[in-house]
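1. Pasting a predicted model and its sequence here:
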Amino acid sequence: MKISHIVSVLLIVLLFQIPLQAQKTIVEKYGQLSVKGKYIIGQYGDTVQLRGMSYFWSQWQGAYYNAGVVKWLKDDWKCTVIRAAMGVDHGGYADQPYDQLERVKLVVKAAIDAGIYVVIDYHSHQAHMDPYTAKKFFSEMAKKYGSYPNVLYEIYNEPLQETSWSDDIKPYADTVIKAIREYDPDNIVIVGTRQWSQLVHEASLDKISDPNTAYTLHFYAATHKDWLREEAQKALDNGICIFVTEYGTCEASGNGVLDYEETKKWWDFMDQNKISYCNWSISDKEETASILIFGASWTGKWKESKLTPSGLFVREDMIKKNTPIFGTLKTE
Ligand code: MG
């Protein structure tokens with residue numbers, strides 16, 4: 001072979017390599033995740049911070065639970081994680097397991113196909129009252145998805161204020177984690193904390209024994225400010241890993257003022273501590289937290305005119321921070 005031919009072949013190899021590298025997915029980049037102290041670590045040793053979107057309760061905004069939306073959130077919004085918020089009570093999984101399961105499965109499969117991470121969230125305020133149903137659900141999920149590095153299990157969205165961490169939430173978590181570990185030895189489990197997933201410091205004083213466990217912190221920027229960041233800092237100082245599986249740019253009701261300044265403070269805090277976060281929510285309900293205006297397409301491809309002020313604000317942050325992971329910025 002002539003030297004010029006060798007050079008040509010090398011050039012062709014290089015030309016094909018570069019776009020392939022740029023298209024590497026987040027899951028190809030980080031692989032199997034695990035918890036190490038206060039951080040999430042990738043399979044190749046990276047410290048991982050995921051940013052993405054949370055769905056709304058599956059029984060009320062289930063139309064958005066589909067592959068088109070997941071693909072759009074990855075391609076256009078640059079989400080590296082999404083959260084399927086499967087409603088359990090109020091006409092959710094406890095009453096209609098088949099319908100809710102199908103929605104979750106559509107989203108999980110779409111996330112696996114898209115090469116992003118997905119949190120399977122048991123969206124309940126009283127899950128510890130019925131561990132049997134939760135065990136049944138998570139056994140099925142672990143059996144089906146335990147071999148995929150994409151999946152994280154969030155076993156209790158928001159325990160209420162009047163529960164006890166050590167006597168209610170932790171025993172429930174131990175039971176459900178045991179059911180998961182029968183099929184999946186390693187994917188991360190995220191456990192809700194008392195008072196709508198705020199009291200992470202309390203949890204850090206009585207930790208879950210499973211090493212791949214993270215703890216949920218939720219905030220709504222116009223309501224929860226310095227005191228909750230201080231609570232989070234104390235928990236981090238005790239060495240637990242926090243995952244903000246849900247946050248709002250507005251008041252705790254999901255409505256009211258859109259607090260830009262306080263949201264930025266939270267973003268800074270989470271970025272400094274490499275805390276992963278998902279915004280609440282993929283919804284066209286007419287309230288401040290929704291990213292979509294009422295009637296926006298159920299299958300994605302939303303123009304900016306279909307996004308709410310919160311949607312525009314959150315998308316801008318995500319594109320700015322997540323784009324370097326994927327290479328060049330795609331503009332619409
Ligand atoms: Mg696994």
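-> Received, thanks. Numbers count the residues shown, from 1 in each chain.

2. At the contact with the ion, which residues of the stretch 101-250 of the chain appear?
-> Within reach of the ion by Cβ under 5 Å from the ion, the stretch 101-250 of the chain has these residues: 146, 184, 186-187. C-betas here are computed from N, CA, C, even on glycine.

3. which residues touch the helix or strand where W196 lies?
-> Secondary-structure assignment from DSSP states H and E places W196 in helix 194-197. Applying Cβ atoms under 8 Å, 6 or more residues apart in numbering, the contact partners of helix 194-197 are 125, 157-161, 163-165, 169, 202-203, 216-218, 245-246, 252.

4. buried subset of these?
-> Using 16 or more other Cβ atoms under 10 Å as the burial test, those include 125, 157-159, 163, 165, 169, 202-203, 216-218, 245-246, 252 as buried.

5. Looking at these, spot the one nearest the ion.
-> Distance to the ion across these (Cβ to the ion) is lowest for T245, with 18.9 Å.

6. Out of the buried ones among the contacts of helix 194-197, which comes closest to K234?
-> E202 (9.5 Å; Cβ to Cβ).

7. Double-check that the closest one belongs to a helix.
-> Yes. Assessed by DSSP: H, G, I helix; E, B strand; the rest coil, E202 belongs to a helix.

8. Surely it is in contact with T193?
-> Yes. Under the criterion of Cβ atoms under 8 Å, E202 makes contact with T193 at 7.0 Å.

9. Any chance you could list residues touching both of the two?
-> Shared contacts of E202 and T193, counting by Cβ under 8 Å, 6+ apart, come down to W165.

10. Which residues belonging to the helix or strand encompassing K264 are considered buried?
-> Assigned by DSSP H and E, K264 belongs to helix 260-272. Applying a neighbour-count criterion of 16+ other Cβ under 10 Å, one finds 262-263, 266-267, 269-270 buried in helix 260-272.

11. wait, what's in contact with L33?
-> 40-43, 48, 117, 149, 152, 187-188.

12. State the mean pLDDT of stretch 320-332.
-> Mean pLDDT, stretch 320-332: 61.

13. For E287, grab the count of nearby residues.
-> Neighbourhood size, E287 [other Cβ atoms under 10 Å]: 17.

14. My guess is it contacts A252. True?
-> No. The pair E287 / A252 is not scored as a contact, 11.9 Å apart, by Cβ under 8 Å.

15. Can you report how many residues lie near E316?
-> 11.

16. Just the element for it, please.
-> Assigned by DSSP H and E, E316 falls in helix 309-326.

17. same question, A110
-> Counting by DSSP H and E, A110 is found in helix 97-114.

18. following that helix, which helix or strand comes up?
-> Following helix 97-114 in sequence, per DSSP H and E, is strand 117-123.

19. I'd like to know which elements whichever helix or strand comes after that following strand is packed against.
-> Sequence order places helix 131-145 as the next helix or strand after strand 117-123, per DSSP H and E. Packing contacts for helix 131-145, counted by 3 or more Cβ pairs under 8 Å, 6 or more residues apart in numbering; DSSP states H and E, involve helix 97-114, strand 117-123, strand 151-154, helix 170-181.

20. Redo the ones you listed as JSON lines? Include mean neighbour count and mean pLDDT.
-> Below are the helices and strands packed on helix 131-145 laid out as JSON lines (neighbours: other Cβ atoms under 10 Å; pLDDT from 0 to 100):
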{"stretch": "helix 97-114", "mean neighbour count": "19", "mean pLDDT": "97"}
{"stretch": "strand 117-123", "mean neighbour count": "27", "mean pLDDT": "98"}
{"stretch": "strand 151-154", "mean neighbour count": "24", "mean pLDDT": "98"}
{"stretch": "helix 170-181", "mean neighbour count": "19", "mean pLDDT": "98"}
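
21. and the residue of the stretch 1-150 of the chain nearest the ion?
-> Taking Cβ to the ion, the stretch 1-150 of the chain has G146 as its residue nearest the ion, at 4.5 Å.

22. Surely that residue and A179 touch.
-> No. Assessed by Cβ under 8 Å, G146 is found out of contact with A179, at 11.4 Å.

23. Output the below-cut-off pLDDT ranges for the chain.
-> By pLDDT under 70, the low-scoring segments of the chain are 1-4, 6-23, 324-332.

24. about what we covered before: which among the helices and strands packed on helix 131-145 is found nearest to G52?
-> strand 117-123 (7.7 Å).

25. Determine the angle, from 0 to 180 degrees, between the closest one and helix 170-181.
-> Strand 117-123 runs at 130 degrees relative to helix 170-181, counting by axes from the mean of the first three to the mean of the last three Cα atoms, to 10 degrees.

26. who does strand 117-123 pair up with?
-> Strand 117-123 has the following sheet partners, assigned by DSSP bridges: strand 81-87 (parallel), strand 151-154 (parallel).

27. Give me the next element, helix or strand, following the helix or strand containing A214.
-> Here A214 sits within strand 213-220, counting by DSSP H and E. Using DSSP H and E, the helix or strand that follows strand 213-220 towards the C-terminus is helix 226-237.

28. so what does the helix or strand just after that next one touch, helix or strand wise?
-> The helix or strand immediately downstream of helix 226-237 is strand 242-248, counting by DSSP H and E. Judged by 3+ Cβ pairs under 8 Å, 6+ apart, strand 242-248 is in contact with strand 81-87, strand 117-123, strand 151-154, strand 213-220, helix 226-237, strand 276-282.
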